[in-house]
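Student: model the structure of this input:
(one chain, ligands or ions: 1)
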Amino acid sequence: MSFWDSIKPAKPKAATATSLELSADQKTVSIVWSDQATHMVPARLLRQYCPCAECVEEWSGKRTYDVEQISVDMKVIEIAPVGNYAITFTFGDMHRTGIFNWELLRELADKTVTPPSPSTPA
Ligand SMILES: [Zn+2]
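Tutor: Okay, here's the model as predicted:
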């Protein structure tokens, strides 16, 4: 192995979610990633960026509604895995056709602010 091989950065592997947990009030999904990142993603944000054909016009990529009109009280009722590459959410408005792959989910999660780690020892 040459010197150059040893400093070549490893190709970044897309992070996958290792744990998804719905908060008690169902308004937040906490996601733990394979790269150790943790996000608290609001249900509303997930609903706003649902990628399904009903929510995004396939030919234009345009969203069919104003994301600001999504209720601030939006909840996630159920989380279900799709194979090992994505998950689906059943939202409070019973919308459940969106398939969120890890890439999209991470993109949305990155829009949120990572909560500060609690100062109290575990
Ligand atoms: Zn949708």
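
Student: how close does the residue positioned nearest the centre of the chain sit to residue 69?
Tutor: The chain has residue 105 as the residue nearest its centroid, 2.7 Å off, counting by CA atoms, centre = their mean. Here the criterion is CB to CB, to the nearest Å. By it, residue 105 lies 22 Å from residue 69. (C-beta placed from N, C-alpha, C; glycine too.)

Student: ok, residue 34 - contacts?
Tutor: Contact analysis of residue 34 by CB atoms under 8 Å, 6 or more residues apart in numbering lists 13, 15, 16, 17, 18.

Student: burial measure for the third one, as a count.
Tutor: The burial count assigned to residue 16 is 16, neighbours taken as other CB atoms under 10 Å.

Student: switch to numbering from 560
Tutor: Shifting the count to begin at 560 puts that one at residue 575.

Student: quick revisit: and of the contacts of residue 593, the nearest to the ion?
Tutor: The nearest member of the contacts of residue 593 to the ion, counting by CB to the ion, is residue 576 at 19.3 Å.

Student: which ones are touching the closest one?
Tutor: 590, 591, 592, 593, 646, 661, 664.

Student: let me know the closest of the contacts of residue 593 to residue 616.
Tutor: Residue 616 lies nearest to residue 576 out of these, by CB to CB, at 27.5 Å.

Student: secondary structure class for residue 589?
Tutor: strand (DSSP: H, G, I helix; E, B strand; the rest coil).
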